[in-house]
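S.K.: Sequence first, predicted model second:
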Amino acid sequence: DDLADFVTYAASLFNRNLVTNFLSIGSKTPLARPDSPAPAIVGGLDTHAVFEGNDASTTGADAFFGDNHSFNETLLQEYPSLILFSNKFGARNYNVTRRRSAVAFAKTLYSIATNPQFSFVSPRYYTAYAESVFPTIFFVDGRVANCQFNTDGAPFISYNNISLLCDFFRYCRHLGRDDARAAVREVFAAHPIEPGANQGAINTFTLDPELTDFSDFCKLNTHFVNISVKGLYPKPTGVLLNNLNTNINFFFQPLATHGHTQVSPFGQS
């Protein structure tokens, strides 16, 4: 699946120990050591501003407030929440652009107004929008004819065990990167917010025109590898260099059929 490959290797390039091939699921653990030299992260998947556990999340608090990895059911239920907006605009259904974009937009504005360190730049900029369409791609029950994600059905997830319940049926057709990209563009078009960050105080959000948006996914790919990944590993050698190139190649494979040009910032080892 191209979407699964894309997400997996994007997360690996930022958070996996690319020498030992260990990845911390959640917070960083010592079992993934030894670390690569800074500025490499080698953190868990909840590392701030990278993949999960990030600002503008619909299911967790911003890192500034101390716990960006725990599922926050209060946030899910109260403003600005997926369930509140689904109930208000969609008869308890979360699917169409207006509802998805309303949630993403409201949560971003909420973070700008409450988090002085709010950061909305690559790669989190892309994953925040992707997160807003995630429920309608992964959590629609395959028996639902209208493909709507009904928030009354949310208990199909066991939050204590972090698992799907036995009575859940996967979606009835293949959904991949093209589906996610189209949905993200719809959400962005309804309430566009360009990349930027607060400047140490609330409501000081400043745009960064040098960063990429959703108008050019080829540029997104280039920025991700040439700026974000290379910034973490400026001078890799040996096994690290070889494994970086291997993971970059894997990351590019789901993009190859979409007219993108492969980027190789480290050359080919």
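M.R.: That came through, no problem.
S.K.: Correct me if wrong: A104 contacts S132.
M.R.: Yes. Using CB atoms under 8 Å, A104 is in contact with S132, at 3.9 Å. Every residue, glycine included, has its C-beta placed from N, CA and C.
S.K.: Can you show me the helices along the stretch 1-150 of the chain?
M.R.: 2-15, 73-77, 82-90, 97-114, 124-138 (DSSP state H, counting those that start in this stretch).
S.K.: scratch that, the stretch 151-269 of the chain
M.R.: So, for the stretch 151-269 of the chain - with DSSP H, counting those that start in this stretch - the helices run 177-190, 217-223, 230-232, 238-252.
S.K.: now those as CSV including mean pLDDT?
M.R.: Conversion of these to CSV gives the following (pLDDT from 0 to 100):
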stretch, mean pLDDT
helix 177-190, 79
helix 217-223, 78
helix 230-232, 91
helix 238-252, 93
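S.K.: Specify the stretch among these that is closest to I25.
M.R.: helix 238-252 (17.4 Å; CB to CB).
S.K.: Which residues does that closest one contact?
M.R.: Applying CB atoms under 8 Å, 6 or more residues apart in numbering, the contact partners of helix 238-252 are 5-6, 9-10, 12-13, 16, 18-19, 21, 36, 221, 225, 229, 233, 236, 260, 262-269.
S.K.: switch to 6 Å and redo it
M.R.: For helix 238-252, the external contacting residues (CB atoms under 6 Å, 6 or more residues apart in numbering) are Y9, S12, L13, L18, V19, Y233, P236, Q262, F266, S269.
S.K.: Return the member of those residues nearest to I112.
M.R.: L13 (28.1 Å).
S.K.: Just give me the neighbour total for that closest one.
M.R.: Neighbours of L13 under the rule other CB atoms under 10 Å: 23.
S.K.: Could you do K230 as well?
M.R.: 17.
S.K.: Kindly report the same for N115.
M.R.: N115, neighbours per other CB under 10 Å, totals 18.
S.K.: so it touches D62, yeah?
M.R.: Yes. Assessed by CB atoms under 6 Å, N115 is found in contact with D62 at 4.6 Å.
S.K.: got the buried residues for stretch 16-34?
M.R.: R16, N17, L18, V19, T20, L23, S24, K28, A32 (16 or more other CB atoms under 10 Å).
S.K.: tell me the mean pLDDT over it?
M.R.: Average pLDDT, stretch 16-34: 85.
S.K.: So which residues make contact with it?
M.R.: Residues from elsewhere that reach stretch 16-34, judged by CB under 6 Å, 6+ apart: V42, G43, G44, D46, H69, V239, L240, N243, L244.
S.K.: Sketch out the low-pLDDT regions of this protein for me.
M.R.: 1, 49-53, 68-102, 135-142, 144-165, 168, 171-175, 211-213, 215, 269 (pLDDT under 70).
S.K.: go again using 90 as the cut-off
M.R.: 1-12, 14-16, 20-110, 119-195, 208-224, 227-228, 251, 253-264, 267-269 (pLDDT under 90).
S.K.: rewinding a little: intersection of neighbour lists for A104 and S132?
M.R.: V187.
S.K.: So what's the residue count around P234?
M.R.: Neighbours of P234 using other CB under 10 Å come to 11.
S.K.: so how far is L241 from it?
M.R.: Going from P234 to L241 by CB to CB, to the nearest Å gives 12 Å.
S.K.: what does K28 give?
M.R.: 23 Å.
S.K.: repeat for I25
M.R.: From I25 to L241 the distance is 26 Å (CB to CB).
S.K.: what's the answer for N203, then?
M.R.: In terms of CB to CB, N203 sits 43 Å off from L241.
S.K.: likewise F120?
M.R.: Counting by CB to CB - F120 and L241 are separated by 31 Å.
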